[in-house]
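> please find the sequence and the predicted model below.
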Amino acid sequence: MYKIILLLDFAEEYSKGLLQGISRYSAENGHWSFCRMPLYYRETLGTKGILEWAKDWRADGIIGQLYNEMETEIYQSPFPVIAQDFKERFRYIPNITGQYRETGRLGAKYFLNKGYSNFAFYGFNNIVWSRERAEGFESEINRAGYQVHYFEHKKARSTDIWYYKSKTLSKWLKCLPKPIALMACDDNQGVHITEACKQNKIRVPQEVSILGVDNDVMLCQLSDPPLSSIELDVERAGYDTARAMDLMITGRVKFYRDILVPPLKVITRSSTDIFASGDENITNALDFIHKNIDQNLLVDQIVKEVPMSRRSLEKRFVEVTGLPIYKYIFKLRIEKLAHKLINSELSVFEIALEMGLSDSKNLGRQFRQIMGCTPLEYRKKFREKPRSEFVTK
């Protein structure tokens, strides 16, 4: 049985995901013993104190959020160590690190598919996971022929950088072209933006559509409106981290490639739940559709919401969204069904009935047309996360 020190931020959903993966590997391989060391030990004990504590406890390894300036002492210690790169990547210690640029590109593609032509990024320019997400986001936006507006904190991530009183942030948000698609570097900053928009009477998502990263459900639901976010495969990374630690402790290998945390998918909530349009009538029609999507909406109901003829509305709607109104409604309902598949224990038939999708015979075929697989295949794909193969050096 191994004894592992975990020096992580246990309040964060990200760390909880890592712990789930680590504990799963432990359960399959001998039920390890863990010391959940509070982060303030990093400040009060320092590197020497942590290593001495590990020696006294007879620890077999350390997994944690460490400062980069600790690297030399940690590397020279007798303990196998895997570091979470919460500021910058380590050079000589394996990192739990994200595919940050790929995450940024996924966010950009999501917004581009919604028809936006104005884009912004909100984050930190001195932290690797924020900086590289911004680079990936911008590269994809530039490839599509657009530019990105930036607002970047100069300070490191902390709770006191901003709440609701930043004049410069308010000025920036007011001056942005509308409608605009804004990606925040993580969910914490995404919630900051929704609050800042509320304070400045900027409509979300009609004027500013906001996307976070991490899918921290508590934070996303705390936001008003609820925040859309990119879900990361953190649990799989935790499993791989524990496997890496196992190999390091037994001496089968000395060093590994970094443990990568890939993005999985965008979880759409109200903060992005609309298609981009500068046409107020189309915006109102889309707003009505998204607010009433759980009902059996008819095109005639949409027509009553805007001062346009049915023919004019349908023509303009296709120009903006690329889809007729009835197809847009059906696509949105299939996306809602997909969300329920991975967040509900109900059967596909029960979810379909709940949503008023009565044509169950053709549902599988229609779902495949939009999502690329059957409902059962979709549920299995996103509920049963595959373990990645681990490559040693």
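Right, received. Where do you want to start?
> and the contacts of stretch 339-352?
Residues from elsewhere that reach stretch 339-352, judged by CB atoms under 8 Å, 6 or more residues apart in numbering: 267-268, 337, 354-355, 358, 360, 363, 375-376, 378-379, 382-383. C-betas here are computed from N, CA, C, even on glycine.
> residues contacting the residue nearest the centre of the chain?
Central residue of the chain (CA atoms, centre = their mean): Ile230, 2.4 Å from the mean position. Contacts were defined as CB under 8 Å, 6+ apart; by that measure Ile230 touches 103, 106-107, 211-215, 263-267.
> what residues are bridge-paired with it?
Val213, Val266 (DSSP bridges).
> how far away is it from Pro263?
Going from Ile230 to Pro263 by CB to CB, to the nearest Å gives 5 Å.
> now do the shared contacts for the two.
103, 106, 213.
> including neighbour count, could those residues go into a markdown table?
As requested, the shared contacts of Ile230 and Pro263 are exported to a markdown table (neighbours: other CB atoms under 10 Å):
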| residue | neighbour count |
| --- | --- |
| Thr103 | 25 |
| Leu106 | 23 |
| Val213 | 30 |
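> the contacts of Ile230 into a markdown table, with extra columns for pLDDT and distance to His192?
Shown next, in a markdown table, are the contacts of Ile230 (pLDDT from 0 to 100; distance: CB to CB, whole Å):
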| residue | pLDDT | distance to His192 |
| --- | --- | --- |
| Thr103 | 98 | 19 |
| Leu106 | 97 | 21 |
| Gly107 | 97 | 17 |
| Leu211 | 98 | 13 |
| Gly212 | 97 | 10 |
| Val213 | 97 | 13 |
| Asp214 | 95 | 14 |
| Asn215 | 93 | 17 |
| Pro263 | 95 | 21 |
| Leu264 | 92 | 24 |
| Lys265 | 90 | 23 |
| Val266 | 92 | 19 |
| Ile267 | 89 | 19 |
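> just checking, Asp85 touches Thr97?
Yes - counting by CB atoms under 8 Å, Asp85 does reach Thr97; the two are 4.7 Å apart.
> now the common contact residues for these two.
128-129.
> contacting residues for Ile141?
With CB under 8 Å, 6+ apart, Ile141 has these contacts: 108, 112, 119, 147-148.
> repeat the analysis, applying 6 Å as the threshold.
With contacts defined as CB atoms under 6 Å, 6 or more residues apart in numbering, Ile141 is in contact with 108, 119, 148.
> between these, which sits nearest Tyr67?
Val148 (30.4 Å; CB to CB).
> report pLDDT for the closest one.
Looking at Val148, its pLDDT is 97.
> for Leu7, same thing?
94.
> residue contacts, it?
Leu7 touches 37, 64, counting by CB under 6 Å, 6+ apart.
> bridge partners for it, pull those for me.
Residues in beta-bridge contact with Leu7 (DSSP bridges): Gly64.
> for Phe137, state which of the contacts of Ile141 is nearest.
Nearest to Phe137 among these, with distances taken as CB to CB, is Ala108, at 4.9 Å.
> that closest one contacts Glu140, correct?
Yes - using CB atoms under 6 Å, Ala108 is in contact with Glu140, at 3.5 Å.
> name whatever forms a beta bridge with Ala120.
Here Ala120, judged by DSSP bridges, has bridge partners His149, Leu182.
> that one is in contact with His149, isn't it?
Yes - at 4.2 Å, Ala120 and His149 qualify as touching, with contact defined as CB under 6 Å.
> give the rounded mean pLDDT of whichever helix in the chain runs longest.
Criterion DSSP state H: the longest helix present in the chain is helix 325-343. Across helix 325-343, the average pLDDT comes to 84.
> buried stuff in that helix?
For helix 325-343, a neighbour-count test (16 or more other CB atoms under 10 Å) marks 325, 328-334, 336-338, 340-341 as buried.
> pipe those residues into CSV and attach distance to Glu207 per row.
Below are the buried residues of helix 325-343 laid out as CSV (distance: CB to CB, whole Å):
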residue, distance to Glu207
Ile325, 22
Tyr328, 21
Ile329, 23
Phe330, 27
Lys331, 23
Leu332, 20
Arg333, 25
Ile334, 27
Lys336, 24
Leu337, 29
Ala338, 27
Lys340, 29
Leu341, 31
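> could you pull out the strands for the stretch 151-300 of the chain?
Secondary structure of the stretch 151-300 of the chain, counting by DSSP state E, counting those that start in this stretch: strands at 180-184, 208-213, 228-232, 259-261, 263-267.
> direction included, what does the shortest one pair up with?
The sheet places strand 259-261 alongside strand 95-98 (parallel), with pairing taken from DSSP bridges.
> let's see the strand it pairs with as PDB, backbone CA atoms only.
Coordinates of each C-alpha in strand 95-98 appear next as PDB, following Å, rounded to 0.1, in the frame of the first residue of the first chain:
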ATOM      1  CA  ASN A  95       3.100  18.000 -15.200                       C
ATOM      2  CA  ILE A  96      -0.600  17.500 -15.000                       C
ATOM      3  CA  THR A  97      -1.200  19.900 -17.800                       C
ATOM      4  CA  GLY A  98      -4.000  20.700 -20.200                       C
END
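> could you list the buried residues of whatever helix or strand comes next after it?
Sequence-wise, the next helix or strand downstream of strand 95-98 (DSSP states H and E) is helix 100-113. For helix 100-113, the neighbour count (16+ other CB under 10 Å) marks 100-108, 110-112 as buried.
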